[in-house]
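Peer 1: sequence and predicted structure below; questions after.
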Amino acid sequence: MTGVAIIGLQWGDEGKGKISYLLSRDAEYVVRFQGGANAGHTVVLDDRELRFNMLPAGSASGAKPCIASGTVVDLSEVLEEIELLKSIGINTQPLISRNACIVLPIHKELDSMIEQIRSSEAIGTTRRGIGPAYSDKALRIGIKIEDLLDSGSLKSKIKLIEDFHKLPVGDIEEWVELAEKFSGNICDLEIILNDELDRGKRIIFEGAQGTLLDIDQGTYPYVTSSNTTIGAVFTSCGVGPRKISEIIGVMKAYTTRVGAGVFPTELKNREGDILREKGREYGTTTGRPRRVGWLDIPLLRYSIMINSIDWIALTKLDVLGGIRKIKICIEYDINGERVEMAPPNVRTLEKAKPVYIHLDGWSALTREEWKKVAVKGWDALPENAKTYIEIIEKLLSRPIKLVSVGASAGMEVAK
Ligand code: IMP
């Protein structure tokens, strides 16, 4: 089988967009299977930054973009990103599952309202209407893409949402027009993906957000409203687990988080500010500064365990260049006990005190120098950078097969 899943191992923003692009180059299809326009996946081609919120970033490689049933779709974003692909010479229409629910204007409004009500306990959502769209789906009052094509029943469905929320859904004429425009691509995606996998076609399943933002396995309530972990591939796409032959975890060389919630290795000092600036750690979707911290092995061990990760793609290694001493949290002290695996419970995790090892850093390299490293390959990496990677591999018991040393495609090293 030739299904390949890409899963974020931290709190999102691990650089899945670039990895998905690289792995999609020889794929037939690339699929977004959860979340909505809260994601911000970036691909940098020849110094041009392409940002995807709704389509899989891997589609910049020419693989056919697909949007599966378990997503919540923002149709205006889809339209914009079709144009974005056109601007790089890719003329394509995404295949969209008829069963995917849509994000309505009311969902964005409700997202902001709930955040305001939560006040000091706000999640820090992207305000893209994700939580309310998924909650309407769970309440079985969500509107599916195919409903937009059936004007007869659409009215009563809209009335149900309006009666429930006691608010107008907002102008959805535009949505109906877009759905009509896309009608040729609204399909039984489950059948297509299964048939193509059976025929040996390579399909990339591009995860959004990260494992620690998973609604069940993440740091609830400071999570997103979908499952971001491997199971979502199967439930969202209707593809069975045996059809996925490779599960790849993407992790950054340090940790970041947007929005509120527990963060054991967070750096709230100047070191953190430096890392944020060096890594340009500002949200792709919202522009918000990201919280930053050292690598957290216990959390990564948990992510690797629950996703059955086969191998790891490590990103932003270049950002750590120039830092004299680099720390890695290898275990926690929780109530005086040493713990190697993060507990799947936020209250316990909040008590975790990181136990660090200290490693010597390596000099800062210019972009041009990193480019040369990428051309020459593994041996050209600074010695201490290689040691950093090898220690992580040992601590996580997984190989790191790909190391990204710059935002652009081409600035990576295979191991
Ligand atoms: P929501 O998904 O907009 O409801 O936001 C819920 C939480 O997930 C917030 O902490 C967001 O910052 C976070 N989040 C959502 N999408 C992303 C993403 O693509 N990268 C990083 N954090 C995200």
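Peer 2: Now that the structure is in, tell me what you want to look at. What you are looking at is a predicted structure, and each value in this text was computed from that prediction instead of being measured.
Peer 1: show me what contacts residue 34?
Peer 2: Contacts for residue 34 were tallied using CB atoms under 8 Å, 6 or more residues apart in numbering; they are 68, 70, 71, 207, 208, 209, 226, 227, 228, 232, 236. For every residue, glycine as well, the C-beta is placed using N, CA and C.
Peer 1: am I right that residue 175 is in contact with residue 75?
Peer 2: Yes. Counting by CB atoms under 8 Å, residue 175 does reach residue 75; the two are 5.5 Å apart.
Peer 1: okay, and the common contacts of these two?
Peer 2: Counting by CB under 8 Å, 6+ apart, the residues touching both residue 175 and residue 75 are residue 102.
Peer 1: show me where this structure has helices.
Peer 2: Counting by DSSP state H, residue ranges of the helices within the chain are 16-24, 75-87, 105-118, 130-138, 151-165, 173-181, 189-198, 231-237, 270-278, 297-307, 346-349, 367-376, 383-396.
Peer 1: which parts of the first one are buried?
Peer 2: Residues of helix 16-24 classed as buried by neighbour count (16 or more other CB atoms under 10 Å): 16, 17, 18, 19, 20, 21, 22, 23, 24.
Peer 1: with the last one instead?
Peer 2: Of the residues in helix 383-396, those with enough neighbours to count as buried (16+ other CB under 10 Å) are 384, 385, 386, 388, 389, 391, 392, 393, 395, 396.
Peer 1: of the buried residues of helix 16-24, which is the nearest to the ligand?
Peer 2: Nearest to the ligand out of the buried residues of helix 16-24 is residue 16 (CB to the nearest ligand atom; 8.9 Å).
Peer 1: if you rank the contacts of residue 34 by neighbours, which is first?
Peer 2: residue 207 (35 neighbours; other CB atoms under 10 Å).
Peer 1: burial count for the closest residue to that one other than its chain neighbours?
Peer 2: Leaving out its chain neighbours, the residue that sits closest to residue 207 by CB to CB, 6 or more residues apart in numbering is residue 7, at 4.5 Å. Counted with other CB under 10 Å, residues neighbouring residue 7 total 30.
Peer 1: distance check, residue 228 against residue 144.
Peer 2: 22 Å (CB to CB, to the nearest Å).
Peer 1: related to what we said a few turns ago, in the contacts of residue 34, find the pair that's most separated.
Peer 2: 68 and 209 (15.1 Å; CB to CB).
Peer 1: residue 129 contacts residue 102, doesn't it?
Peer 2: No. Counting by CB under 8 Å, residue 102 is not a contact partner of residue 129; they are 9.7 Å apart.
Peer 1: residue of the protein closest to the ligand, please.
Peer 2: residue 259 (2.3 Å).
Peer 1: which ones are touching the closest residue to that residue other than its chain neighbours?
Peer 2: Nearest residue to residue 259, sequence neighbours excluded (CB to CB, 6+ apart): residue 124, at 2.9 Å. Contact analysis of residue 124 by CB under 8 Å, 6+ apart lists 115, 222, 258, 259, 260, 288.
Peer 1: show me where the stretch 1-150 of the chain dips below the pLDDT cut-off.
Peer 2: For the stretch 1-150 of the chain, applying pLDDT under 70 flags the ranges 1.
Peer 1: show me which residues of the protein are close to the ligand?
Peer 2: 11-13, 38-40, 123-126, 128, 130-131, 208-209, 213, 222, 224-225, 258-259 (CB under 6 Å from any ligand atom).
Peer 1: make a ChimeraX selection of the buried ones in those residues.
Peer 2: If you want just the buried ones from these in ChimeraX, going by 16+ other CB under 10 Å, the selection is:
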select :11,12,13,38,39,40,123,124,125,126,128,130,131,208,209,213,222,224,225,258,259
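Peer 1: now, which of the residues of the chain next to the ligand lie within strands?
Peer 2: In strands, judged by DSSP state E, none of the residues of the chain next to the ligand are found.
Peer 1: in this protein, which residue is most central in space?
Peer 2: residue 208 (2.5 Å; CA atoms, centre = their mean).
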